[in-house]
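A.B. asks: One predicted model, sequence on top.
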Amino acid sequence: MIKKVITSERLPIKMWLDDIEDGALEQAKNLANLPFAFKHIAVMPDSHQGEGMPIGGVLAAKGVIIPNAVGVDIGCGMCAMKTSLQEIEKENLRQIVERIKELVPVGFDWHEEPQNESSMPERKSQDYMPIVQQEYEKARHQVGTLGGGNHFIEVQKGSDGYIWIMTHSGSRNIGKKVADHYNKIAVDLNEQWFSQVPKDWQLAFLPLDTLEAKQYRSEMEYCVRFALANRQLMMYNIKRAFQEVLHEIEYEPIINIAHNYAAMENHFKHNVMVHRKGATQAREGQPGIIPGSQGTKSYIVRGKGDRESFMSCSHGAGRKLGRRQAIQELKLEEEQALMNAKGIIHSITEEKDLDEAPSAYKDIDVVMENQNDLVDIVVELEPLAVIKG
């Protein structure tokens, strides 16, 4: 539910949380003062400060696209898949986790051999995509890899009685290359145009009718498809690990949702470019995924199509501690004890892993309560095993 509406800026800022940090609020105000921003700014309950635009922010814009309001991990998102398993023994789970680690490179690791081109999204000949063409062969080594940061693979037990598998990853290096390339172009062009958008807002834009915007949209949309292909190949290899250990298992279709992209949509009877940075689409009846931290529940949800949020919801729990702050303030033994008490096979083994500890994140129960007007909960998922880079 909307907790607060700020009306001091050019457009209102509608917030689904009480506890927004100063930096994120300042960024939301910058969005509200953009001359092309439409209707209002929506801030999801997991929001925290990002680069230029707050994570958990939703911006509808008229006539422009903003590369930095999509971000560097274009198409980053979640896939979840229900299995026919109702129980899994701890020793079998450990074997599966070890096999997944052999099949799915994590962190900075890539596949040694390029993956089959059938694993890659099709490149449409009519689209001029210089960065995709430049990075394509490297991307063949990166498709089906997890990456680092907050990306993860989880095995979970659902409130529906079944074992689920979830992945969180994005477009790897190809997405970053596209993002950096077009953000630099936007910055340079905005300086030439004497843009009224201050450079230090980090919100340089491209008018939709320019060649640069058309190229960015083509490359961004390819990266969104690549990010999905990346998660799909990981899911294929995770299923291989399950089959090798437990053999006869059935799987329901994958649920997929992205949370870093821009798309043309119709809201309040206007066609606008909706930028979701760390926010996911939640149209009426649309399946979605909202993960917690690696020590707390995640959720399969169904969208309610709320107009005020531009039919959006949170992409997760959201950070309450920055990465460096978490490593400095949290205690390794305490975070390990939290995970061990729940019997979770986890990835917190040394102090550098504290940046992804449960206590670095907001309370997912509060986040879900704050957006009960945006989504309905379908299944609650408790973590059994977590793999991180």
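C.D. replies: Done, it's in.

A.B. asks: For the rest of this, base every contact and every neighbour count on C-alpha atoms.
C.D. replies: OK.

A.B. asks: Given the strand or helix carrying Lys82, what are its sheet partners and their directions?
C.D. replies: Using DSSP states H and E, Lys82 sits within strand 77-82. Partner strands for strand 77-82, per DSSP bridges, with pairing direction: strand 163-169 (antiparallel), strand 255-258 (antiparallel).

A.B. asks: which residues sit against the helix or strand following the first one?
C.D. replies: Yep, that's strand 163-169 we're talking about. Downstream of strand 163-169, the first helix or strand assigned by DSSP H and E is helix 172-192. If you take C-alpha atoms under 8 Å, 6 or more residues apart in numbering as the criterion, helix 172-192 is touched by 66-68, 71-75, 131-132, 135-136, 139, 142, 147, 199, 204-206, 212, 216, 219-220, 223, 227.

A.B. asks: Could you do stretch 284-291 as well?
C.D. replies: The contact list for stretch 284-291, computed with C-alpha under 8 Å, 6+ apart, reads 78-80, 255-257, 280-282, 297-306, 311, 314-317.

A.B. asks: Show me where the stretch 1-150 of the chain has its helices.
C.D. replies: Remark: helices assigned in the stretch 1-150 of the chain by DSSP state H, counting those that start in this stretch are 22-32, 90-103, 130-142.

A.B. asks: With His168 as the reference, measure out to Trp16.
C.D. replies: 24 Å (C-alpha to C-alpha, to the nearest Å).

A.B. asks: out of those two, which sits in the more crowded spot?
C.D. replies: With other C-alpha atoms under 10 Å as the criterion, Trp16 and His168 differ in neighbour count, and Trp16 comes out ahead with 27 against 24.

A.B. asks: Isn't the more buried one up against Pro45?
C.D. replies: Yes: counting by C-alpha atoms under 8 Å, Trp16 touches Pro45, with 4.9 Å between them.

A.B. asks: Need the residues touching each of those two.
C.D. replies: Shared between the contact lists of Trp16 and Pro45 (criterion: C-alpha under 8 Å, 6+ apart) are residues 370-371.

A.B. asks: quick one, what contacts Cys223?
C.D. replies: Contacts were defined as C-alpha under 8 Å, 6+ apart; by that measure Cys223 touches 74-75, 171, 174-175.

A.B. asks: hang on, it in a helix?
C.D. replies: Yes: the assignment for Cys223, made by DSSP: H, G, I helix; E, B strand; the rest coil, places it in a helix.

A.B. asks: could you measure it against Ile289, distance?
C.D. replies: Taking C-alpha to C-alpha as the measure, Cys223 falls 20 Å from Ile289.

A.B. asks: among the helices of the stretch 1-150 of the chain, which is the most enclosed?
C.D. replies: For these, the stretch with the most neighbours on average is helix 22-32, a mean of 21; neighbours defined as mean count of other C-alpha atoms under 10 Å.

A.B. asks: Report the contact partners of Ile255.
C.D. replies: Residues near Ile255 by C-alpha under 8 Å, 6+ apart: 78-81, 287-289.

A.B. asks: what pLDDT does it get?
C.D. replies: Model confidence at Ile255, given as pLDDT, is 98.

A.B. asks: which strand residues sit across from it in the sheet?
C.D. replies: The partner list for Ile255 in beta bridges (DSSP bridges) reads Ala80.

A.B. asks: ok, so of the contacts of Cys223, who is nearest His346?
C.D. replies: Nearest to His346 out of the contacts of Cys223 is Ser171 (C-alpha to C-alpha; 24.3 Å).

A.B. asks: residue contacts, the closest residue to the closest one other than its chain neighbours?
C.D. replies: Counting by C-alpha to C-alpha, 6 or more residues apart in numbering, the nearest residue to Ser171 once its immediate chain neighbours are dropped is Ala227, at 4.3 Å. Listed by C-alpha under 8 Å, 6+ apart, the contact partners of Ala227 are 74-77, 169-172.

A.B. asks: mind listing what's buried in stretch 332-343?
C.D. replies: 332, 335-336, 338-339 (16 or more other C-alpha atoms under 10 Å).

A.B. asks: What is the neighbour count of the closest residue to Lys82 other than its chain neighbours?
C.D. replies: For Lys82, ignoring the flanking residues on the chain, the nearest one in space by C-alpha to C-alpha, 6+ apart is Trp164 at 4.5 Å. Using other C-alpha under 10 Å, the number of residues around Trp164 comes to 24.

A.B. asks: Would you mind measuring from Trp164 to Cys79?
C.D. replies: For Trp164, the distance to Cys79 (C-alpha to C-alpha) stands at 10 Å.

A.B. asks: and what of Ser218?
C.D. replies: Remark: distance between Ser218 and Cys79 (C-alpha to C-alpha) = 23 Å.

A.B. asks: And Ala32, by the same measure?
C.D. replies: Following C-alpha to C-alpha, the distance that separates Ala32 from Cys79 is 32 Å.

A.B. asks: Asn116 now?
C.D. replies: Remark: distance between Asn116 and Cys79 (C-alpha to C-alpha) = 21 Å.

A.B. asks: And these two? Which one has more around it.
C.D. replies: Neighbours were tallied for Asn116 and for Cys79 using other C-alpha under 10 Å; the higher tally belongs to Cys79 (22 against 10).

A.B. asks: and the more buried one, how far is that from Gln328?
C.D. replies: Cys79 is 32 Å from Gln328, where distance means C-alpha to C-alpha.
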